[in-house]
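Participant: Provide a 3D model corresponding to the input given below.
(one chain, ligands or ions: 1)
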Amino acid sequence: MADSLNKLFTEDASFDDFSRTQVAMVVSDPHLEDNPIIYVNRAFTIQTGYARSAVIGRNCRFLQGEDTDIAAVNHIREGIARRESVTADILNYRANGEPFMNRLLIAPLTDKAGKLRYFVGIQKEMDAGLKDTAPEIADAQLSEIQDRVESDISLIISMVRRQSNAASAPTEYVALTRRIETFQLLYEEMKLSDNQADRDNIHIGSYLSRLCCAIGHAYGRSGIRLNVQLESLDVPIETASRVGLVVSEILTNAFQHAFHRIETGLIEVRMSKLSAGGLRLTISDDGLGIPNSMKWPDPSTAGGRIVTGLIEGMEGTLQLSRGAAGSLFTIEVPAGASLQG
Ligand SMILES: Cc1cc2nc3c(=O)[nH]c(=O)nc-3n(C[C@H](O)[C@H](O)[C@H](O)COP(=O)(O)O)c2cc1C
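Facilitator: Numbers count the residues shown, from 1 in each chain. Coordinates of the predicted model:
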């Protein structure tokens with residue numbers, strides 16, 4: 001999936017300038033051995049020259065090298081051990097060996113109970129002339145992106161929590177990566193919408209269209225057509241991020257399960273405005289259909305619990321119609337829902 005998304009990004013010139021603020025960012029999981037990176041944004045891969053696949057699973061210290069100041073490394077290690085925010089200017093090296101001065105901010109991300117879940121690291125390359133100035137990382141731009149990241153990460157955390165009841169088979173990690181990648185496309189859309197007068201809202205049609213395209217690219221096969229018809233609609237970014245995750249779950253399921261041993265088929269995604277405000281989304285397929293004996297969303301699966309939680313959080317509704325062939329999912333989200341969870 002990551003490779004397909006990367007391909008999608010590089011094939012379209014408008015994605016070149018990906019990062020909203022061009023600030024590189026990583027997320028690490030301190031509960032895994034050696035606190036490895038579990039997420040990097042595109043700005044990080046551009047800044048360091050490392051592909052995403054080359055850095056996920058490694059501790060960030062691989063960026064350090066021969067001339068890195070040991071005092072800066074010690075300072076960072078002590079901050080992380082105390083589970084506190086820490087800043088440092090540290091000499092790092094790109095994949096091609098070129099050194100650069102990295103103004104680094106590392107902050108712990110905690111859950112509602114105050115328990116440490118992840119660390120987020122924000123890397124800002126310094127101009128040569130700035131090297132001797134004191135670290136002053138928390139500018140308005142940075143705190144804005146941090147707020148966004150924190151609220152999205154807390155959403156990820158609640159998904160991970162629901163998932164933790166399931167066996168942590170490798171396929172679960174693939175699904176988790178896909179979910180995190182829906183946020184990446186959202187950041188993309190935010191970047192593209194930056195010139196809009198209204199920065200709190202986003203063109204959800206354009207976001208979902210690229211999300212569907214990315215999922216079709218990653219999970220589709222020849223013979224299964226994907227038809228996407230989305231009305232132009234602006235919604236709050238928080239609504240878009242939840243709707244995107246729901247679409248990602250249902251559409252991936254359709255590609256993976258609805259056409260088992262079936263050569264040809266059609267999946268359709270439609271979105272329209274509701275007359276009372278809000279939106280209606282339908283996802284249909286003409287595949288095998290979900291057997292009557294199977295409950296959907298299935299509370300015994302991580303995907304099922306995530307969909308239920310997201311829709312409840314938007315005060316929305318979900319209906320499944322099981323036709324002679326295939327399934328039809330209808331999701332309605334009211335305007336101005338007080339988003340939760
Ligand atoms: C989220 C996060 C991001 C980090 N980013 C960087 C980085 O960009 N450059 C770097 O040199 N170290 C970075 N580090 C620090 C190293 O991963 C490591 O913690 C540091 O080298 C001290 O530990 P060590 O003595 O075990 O190497 C980061 C750490 C965390 C948790």
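Participant: Please name the bridge partners of the residue nearest to Asp200 when sequence neighbours are not counted.
Facilitator: Nearest non-adjacent residue to Asp200, counting by Cβ to Cβ, 6 or more residues apart in numbering: Pro236, 6.0 Å away. C-beta: built from backbone N, CA, C; applies to glycine. Beta bridges link Pro236 to Asn201 when assigned by DSSP bridges.
Participant: just Ile90 next, same as before
Facilitator: The residues that Ile90 bridges to, once DSSP bridges is applied, are Asn102.
Participant: What number of residues are in the vicinity of it?
Facilitator: For Ile90, the count of nearby residues is 20 (other Cβ atoms under 10 Å).
Participant: For stretch 276-289, C-alpha coordinates in CSV please.
Facilitator: Taking Å, rounded to 0.1, in the frame of the first residue of the first chain, the C-alpha atoms of stretch 276-289 are listed here in CSV:
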residue,chain,number,x,y,z
ALA,A,276,-31.2,19.0,5.8
GLY,A,277,-27.4,19.5,5.5
GLY,A,278,-24.9,16.7,6.1
LEU,A,279,-24.0,14.0,3.6
ARG,A,280,-25.1,10.6,2.4
LEU,A,281,-22.5,8.1,1.2
THR,A,282,-23.3,4.8,-0.5
ILE,A,283,-20.8,2.0,-1.3
SER,A,284,-22.2,-0.8,-3.4
ASP,A,285,-20.8,-3.9,-5.0
ASP,A,286,-22.3,-6.6,-7.2
GLY,A,287,-20.2,-9.4,-5.7
LEU,A,288,-20.9,-12.3,-3.4
GLY,A,289,-22.9,-10.3,-0.9
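Participant: Quick one: residues in contact with it.
Facilitator: 204, 233, 235, 243, 246-247, 250-251, 254, 257-260, 262, 265-274, 322-337 (Cβ atoms under 8 Å, 6 or more residues apart in numbering).
Participant: starting at the chain centroid, how far to it?
Facilitator: Offset of stretch 276-289 from its chain centre (Cα atoms, centre = their mean, to the nearest Å): 23 Å.
Participant: wait, Ala175 sits on Thr301?
Facilitator: No: using Cβ atoms under 8 Å, Ala175 makes no contact with Thr301, being 9.8 Å away.
Participant: shared neighbours of those two, anything?
Facilitator: Joint contacts of Ala175 and Thr301 (Cβ under 8 Å, 6+ apart) do not exist.
Participant: Look at Phe225 and give its secondary structure.
Facilitator: No, residue 225 isn't Phe; it's Arg. strand (DSSP: H, G, I helix; E, B strand; the rest coil).
Participant: Tell me the confidence at it?
Facilitator: In the prediction, the pLDDT value recorded for Arg225 is 93.
Participant: just the one 10 residues further on next, same as before
Facilitator: Val235 carries a pLDDT score of 89 in this model.
Participant: show me what contacts it?
Facilitator: Contacts of Val235 (Cβ under 8 Å, 6+ apart): 201-202, 204, 243, 279.
Participant: Of those residues, just say which sits nearest to Val120.
Facilitator: Ile202 (22.2 Å; Cβ to Cβ).
Participant: residue ranges for the strands of the stretch 1-150 of the chain, please.
Facilitator: All strands of the stretch 1-150 of the chain, identified by DSSP state E, counting those that start in this stretch, fall at 24-28, 37-40, 86-93, 99-110, 116-125.
Participant: what's the closest of those strands to the ligand?
Facilitator: strand 116-125 (2.5 Å; Cβ to the nearest ligand atom).
Participant: Just the C-alphas of that closest one, formatted as CSV.
Facilitator: Extracted in CSV, the C-alpha atoms of strand 116-125 (Å, rounded to 0.1, in the frame of the first residue of the first chain):
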residue,chain,number,x,y,z
LEU,A,116,2.5,7.4,27.4
ARG,A,117,1.4,6.0,24.0
TYR,A,118,3.8,7.4,21.3
PHE,A,119,6.5,10.0,20.7
VAL,A,120,6.3,12.5,17.9
GLY,A,121,9.4,14.0,16.4
ILE,A,122,9.4,17.2,14.3
GLN,A,123,12.6,17.8,12.3
LYS,A,124,13.4,21.2,10.9
GLU,A,125,16.4,21.7,8.8
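Participant: And it, what's buried?
Facilitator: 117-125 (16 or more other Cβ atoms under 10 Å).
Participant: Those residues of the stretch 101-250 of the chain touching the ligand, which are they?
Facilitator: Proximity of the stretch 101-250 of the chain to the ligand (Cβ under 6 Å from any ligand atom) is limited to residues 102, 104, 106, 119-121, 123.
Participant: quick one: least confident helix or strand in the protein?
Facilitator: helix 2-11 (a mean of 32; mean pLDDT, DSSP states H and E).
Participant: Please determine how far Thr110 is located from Met25.
Facilitator: 18 Å (Cβ to Cβ, to the nearest Å).
Participant: brain fart, Ile180
Facilitator: Ile180 is 12 Å from Met25, by Cβ to Cβ.
Participant: Now for the two: what residues contact both?
Facilitator: By Cβ under 8 Å, 6+ apart, no residue touches both Ile180 and Met25.
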